[in-house]
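Engineer: got a predicted model here, sequence first, then my questions.
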Amino acid sequence: MDYLLQVKIGALVALLLLTLFFGFIPARVKWFRDTNGTELHRAVLSLISCFAGGVFLAACLLDIIPDYLSDMKAELAARSVTTSFPLPEFIMAAGFFMVLILERLVLSCRETHGPPEEERAPLLPGRGASPAPEGHHVHVDFQAHSPFRAFMLFLSLSLHSIFEGLAIGLQSTDSKVLEICIAILVHKSIIVFSLSVKLVQSAVRPLWVAAYIGVFALMTPVGIAIGISVMEARLAAGALIQAVLEGLAAGTFIYITFLEILPHELNSPGKQLLKVLFIVLGFSTMAALTFLG
């Protein structure tokens, strides 16, 4: 087993165990069952999420996208494909729209077959006077307690997690694996923590909470395993498949960063400058890692 594969398997195990660890904290600690979320609690979650947003922003702009474009350009040149159409960028857009369409389909089904009108409120209304746009559902709405909405939250986040893992499994160097793994660890820890709080406060049965957290924890490792399989199969078209999947994963990273994490946090009231500081801090951390190689 080569070193790169060992690093990927290590990332898979670490993501699985840490997701389970952070996911079961709210399920096991009584404090989370008794509160709708204090201001301090919300502030801490928000700032950690802003830091994660900065980490993802740097991972997108400084690592994943440049590497993908380089790989795709090399593959097209090797196959003597010349076109004026921006095919690499189109593939990234396809990854972006794929996740967006899947989410809209879930929300459309919810509107058509969902529960009464009060259950059709956005998953994540803003913390101020006006609600956030429907569908911004990476973070927890501590005011809405519905098992149905909790399931929708779980389903949408699970879709993202597979593609996050895919980005790790498709990398060709151990440094890239570690960089993306750090970004996902920060992001996924806060997300699974928030998801678990939502499940607990939505009166979901403890057995179902454990099932949700367990399945969610497996999604990123499944994505990593798919990426590793593509890399290890060494098919004739394996490099091209890898490049295309990298593009789809890059589109997903763009979606998570720009349509979910950053808008939700920056559009919610309070501590705006501190939030920007944590976004810049997260970006700077990853930029420093990239600069140091």
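Structural biologist: Noted; the coordinates are in hand. Numbering: from 1, shown residues only.
Engineer: which parts of the stretch 51-200 of the chain are helices?
Structural biologist: For the stretch 51-200 of the chain, the helices defined by DSSP state H, counting those that start in this stretch occupy 65-78, 87-113, 147-169, 174-201.
Engineer: give me the helices and strands touching the first one, please.
Structural biologist: Counting contacts by 3 or more Cβ pairs under 8 Å, 6 or more residues apart in numbering; DSSP states H and E, the secondary-structure elements packed against helix 65-78 are helix 87-113, helix 238-255. Every residue, glycine included, has its C-beta placed from N, CA and C.
Engineer: worst average pLDDT in those?
Structural biologist: Comparing mean pLDDT over those, the weakest stretch is helix 238-255, at a mean of 79.
Engineer: just the C-alpha atoms of it, please, in CSV.
Structural biologist: Extracted C-alpha coordinates of helix 238-255, given in CSV (Å, rounded to 0.1, in the frame of the first residue of the first chain):
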residue,chain,number,x,y,z
GLY,A,238,-9.2,6.9,-15.6
ALA,A,239,-7.3,10.2,-15.7
LEU,A,240,-10.1,11.9,-17.7
ILE,A,241,-12.8,10.5,-15.3
GLN,A,242,-10.8,11.7,-12.4
ALA,A,243,-10.5,15.2,-13.9
VAL,A,244,-14.3,15.3,-14.6
LEU,A,245,-15.1,14.2,-11.1
GLU,A,246,-12.7,16.8,-9.7
GLY,A,247,-14.6,19.4,-11.6
LEU,A,248,-17.9,18.3,-10.2
ALA,A,249,-16.5,18.2,-6.7
ALA,A,250,-15.1,21.8,-7.2
GLY,A,251,-18.5,22.9,-8.2
THR,A,252,-19.9,21.5,-5.0
PHE,A,253,-17.3,23.3,-3.0
ILE,A,254,-18.3,26.6,-4.7
TYR,A,255,-21.9,25.9,-3.9
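Engineer: next, the angle helix 174-201 makes with that helix.
Structural biologist: Between helix 238-255 and helix 174-201, the angle comes out at 50 degrees (axes from the mean of the first three to the mean of the last three Cα atoms, to 10 degrees).
Engineer: next, the buried residues of helix 238-255.
Structural biologist: 239-255 (16 or more other Cβ atoms under 10 Å).
Engineer: wait, which of the helices and strands packed on helix 65-78 is closest to residue 67?
Structural biologist: helix 238-255 (7.4 Å; Cβ to Cβ).
Engineer: now for whichever helix or strand comes after the closest one, which elements pack on it?
Structural biologist: The first helix or strand that comes after helix 238-255 along the chain, using DSSP states H and E, is helix 262-267. In this structure, helix 262-267 makes packing contacts with helix 39-58, helix 272-292, judged by 3+ Cβ pairs under 8 Å, 6+ apart.
Engineer: the first one vs helix 174-201, what angle?
Structural biologist: Note on geometry: by the same axes, to 10 degrees, helix 39-58 and helix 174-201 are set 150 degrees apart in direction.
Engineer: buried residues in helix 39-58?
Structural biologist: 42, 45-58.
Engineer: report the two of the residues you listed separated the most.
Structural biologist: 42 and 58 (25.0 Å).
Engineer: so who does residue 47 touch?
Structural biologist: Going by Cβ atoms under 8 Å, 6 or more residues apart in numbering, residue 47 touches 271, 274-275, 278.
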